[in-house]
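# Generate a structure from the sequence data that follows.
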Amino acid sequence: MTIRYYFSPATCSLAGMAALELAQASYSPVAVDLAGDRAELRAINPVGKVPALAIGNLVITDTIAIIYWLAGRFPQARLMPVAPDEMSAALAVMGWFGSTLHIIRRQYVRPALFSPDPAAQQTIRAAAAPVYWAELQRVDEWIAAQSSTGPMTSPGVQAYALLFYHWAASDGLAVRQLPHFTALAERLLSHTGVVRALELHASPLLNK
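Alright, predicted model coming up:
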């Protein structure tokens, strides 16, 4: 089984790559220049976006779906819970990452996606800033409350959470003021493969 993983620094492809590393999967990372023509990427994913996980004719292009697939293909890594109730809770948290936290962060760093008007963009960014930080604090609280059980203890969920810690650091936020989130990130940083994923994504977490 040959796995190719299409990624680009500064994007959400970090989460899936971290999960690949935690699963100890053998894969070939394929860097994509999003400013280029993306021809190779479009050949498997017509919308030309990362991440994209390609296994033969199968192509998976959503972070949650990628992590879910890895959990099933590499069960020994225990990326996700097995029990239906616990799996549902983990998927709900990951869904919130993608549908809420990701969008709030996008409003903060790329307000032009939401309005062509420069004044409106400033308003969007200013409004998003406190919400962005409040939601990162929410993740910190979740981690604190689930120190031994719960969705945030699953490696697959943690791989996705690491993306947002990495992004917040990239955005210049004081992430070390989030003690439980910081502890989670530091535990993942003890994993050689996760460090490799962070290196490929030019993460500021490696600049200590």
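# List the residue ranges of this protein that fall below the pLDDT cut-off.
208 (pLDDT under 70).
# how about a cut-off of 80?
Across the chain, the ranges flagged by pLDDT under 80 are 1, 147-148, 208.
# Break down it into its strands, ranges please.
Along the chain, counting by DSSP state E, strands occupy 3-7, 28-31, 52-55, 58-60.
# Any figure for the gap between the residue located most distally from the centre of the chain and Ile103?
With distances taken as CA atoms, centre = their mean, the residue sitting farthest from the centre of the chain turns out to be Ala119, at 30.1 Å. Distance, Ala119 to Ile103, by CB to CB, to the nearest Å: 21 Å. Just so you know, the C-beta spots here come from the backbone N, C-alpha and C atoms, and that holds for glycine as well.
# Show me which of the strands of the chain has the highest average neighbour count.
Among those, ranked by average contacts under mean count of other CB atoms under 10 Å, first place goes to strand 52-55 (a mean of 22).
# what's the closest non-adjacent residue to Asp33?
For Asp33, ignoring the flanking residues on the chain, the nearest one in space by CB to CB, 6 or more residues apart in numbering is Ser8 at 7.3 Å.
# still on that earlier bit, of the strands of the chain, which approaches Met80 most closely?
Across the strands of the chain, Met80 has its closest neighbour in strand 58-60 (14.7 Å, CB to CB).
# other SSEs contacting that closest one?
strand 52-55 (3 or more CB pairs under 8 Å, 6 or more residues apart in numbering; DSSP states H and E).
# Just checking: what are the partner strands of the strand it packs on?
Strands adjacent to strand 52-55 in the sheet, as given by DSSP bridges, are strand 3-7 (antiparallel), strand 58-60 (antiparallel).
# Just put these in CSV and tack on distance to Ala144.
Listed next are the strands paired with strand 52-55 as CSV, based on distance: least, CB to CB, whole Å:
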stretch, distance to Ala144
strand 3-7, 31
strand 58-60, 32
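# of all those, which lies closest to Val175?
Here strand 3-7 is closest among those (CB to CB), at 22.0 Å.
# Domains in the chain, by residue range?
The chain breaks down by automatic domain parsing into domains covering 3-77, 84-190.
# For Ser203, find the nearest of the ones you listed.
domain 84-190 (5.0 Å).
# What is the neighbour count of the closest residue to Ser115 other than its chain neighbours?
Of all residues not flanking Ser115 in the chain, Gln121 sits nearest, at 5.6 Å (CB to CB, 6+ apart). By the criterion of other CB atoms under 10 Å, Gln121 has 17 neighbours.
# ok, Gln121 touching Leu113?
No. Contact criterion CB atoms under 8 Å: Gln121 and Leu113 do not qualify, at 9.2 Å.
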